[in-house]
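1. coordinates for the following, if possible.
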Amino acid sequence: MATTHKFSTQITHISPPSNQPNPRVTPSFHTRYHIITYQPSNIQNTLTHNRLPPTTTTTTTTMALQIHHVCRPISPPSPSPPPSLSPSSWPTKQSNIVGEVRRSFNLVKTTSSKTANKLRNLTVRSSLEASGTAVVVGVVTEVDKDTFWPIVNAAGDKTVVLDMYTQWCGPCKIIAPRFQELAEKNLDVVFLKLDCNQENKPLAKELGIKVVPTFKILKHGKIVKEVTGAKFDNLVAAMEEVRSS
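-> Presented below is the predicted three-dimensional model:
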């Protein structure tokens, strides 16, 4: 038997794009196979009953196989854009928090403004210094047995109102806020308070206290009026009488 074979191979390279540096490229292969001729001769086949004549057969077979590889350059993935930080993209919960913070800030600002106004009203409007003792108006000043008389003497011709109280006295606690308001409104009067405890007992006895609360009104260093009990209206009337005298 005579057989003829032919084989050819073609290699084609794909050029990478010019805008990609050093891409990884795999060549493309085109392979062709040709099987040309099979020519058997003098084929004889002996059978038991029949004898076939010699026959010449020519067979031509053609087969083509093509393999094609396509390669693309490998490029790094593009980075995703950063998330939006605009206030419109914030979650609802964060928006609520921002709203609460703003409301809290406004509340603090309003409270601070009110406090500033109150402190401004409580600022010392007038002070007289004598023997190193300052007389303050617009507030209620706490005194003891050592500071009471120096402040009274430094007040000069100003009216002095003294609140004599104890820590356990209920009526004393009730009238105390109104006494403070009275001090804030009358800046030409000196308002003092004395805790009649054991330490200040000698001074309380000197001033002649019998019940609490007791209010002593002084002028020029002398006691001129007295109001016993939490009688606010009586206290105001007595103070006005002494101040106008």
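
2. from here on, just use CA atoms for contacts and neighbour counts.
-> Will do.

3. I'd assumed Phe215 was in contact with Val227.
-> Yes. Here Val227 reaches Phe215: they are 5.0 Å apart, a contact under Cα atoms under 8 Å.

4. mind checking which of these two has more residues around it?
-> Neighbour comparison, Val227 and Phe215: the larger count goes to Phe215, with 24 against 18 (by other Cα atoms under 10 Å).

5. measure that one to Trp168 for me?
-> Distance, Phe215 to Trp168, using Cα to Cα, to the nearest Å: 17 Å.

6. got any residues that touch both of Val227 and Phe215?
-> Leu235 (Cα atoms under 8 Å, 6 or more residues apart in numbering).

7. what about this structure, any weak spots by pLDDT?
-> Applying pLDDT under 70 to the chain flags the ranges 1-132.

8. could you rerun that using 80?
-> Filtered on pLDDT under 80, the chain yields the residue ranges 1-133.

9. can you list the domains in the chain?
-> Domain segmentation of the chain under automatic domain parsing yields 2-60, 129-244.

10. in the strand or helix carrying Lys205, what's buried?
-> Using DSSP states H and E, Lys205 maps to helix 201-207. For helix 201-207, burial by neighbour count (16 or more other Cα atoms under 10 Å) applies to 203-204.

11. any idea which helix or strand comes after that helix?
-> As assigned by DSSP H and E, the chain's next helix or strand after helix 201-207 is strand 214-219.

12. sheet partners, orientation included, of that next one?
-> Here strand 214-219 has these sheet partners by DSSP bridges: strand 159-165 (antiparallel), strand 222-228 (antiparallel).

13. Thr141 is nearest to which of the ones you listed?
-> strand 159-165 (9.4 Å; Cα to Cα).

14. got a list of contacts for the closest one?
-> Contacts for strand 159-165 (Cα under 8 Å, 6+ apart): 152, 172, 188-196, 204, 209, 212-220, 239, 242-243.

15. now with 7 Å?
-> Strand 159-165 is contacted by residues 152, 172, 189-196, 212-219, 243 when judged by Cα atoms under 7 Å, 6 or more residues apart in numbering.

16. do the same with stretch 170-177
-> By Cα under 7 Å, 6+ apart, the surrounding residues in contact with stretch 170-177 are 165, 213, 230.

17. end-to-end on stretch 209-221?
-> Stretch 209-221: ends 17 Å apart by Cα to Cα.

18. okay, buried residues for it please.
-> Neighbour count says stretch 209-221 has 209, 212-219, 221 buried, by 16+ other Cα under 10 Å.

19. can you list the strands paired with strand 214-219 in JSON lines and add distance to Ala134?
-> Listed next are these as JSON lines, based on distance: least, Cα to Cα, whole Å:
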{"stretch": "strand 159-165", "distance to Ala134": "14"}
{"stretch": "strand 222-228", "distance to Ala134": "19"}
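
20. looking at those, which is buried most?
-> Most buried of these by mean neighbour count (mean count of other Cα atoms under 10 Å) is strand 159-165; its value is a mean of 24.
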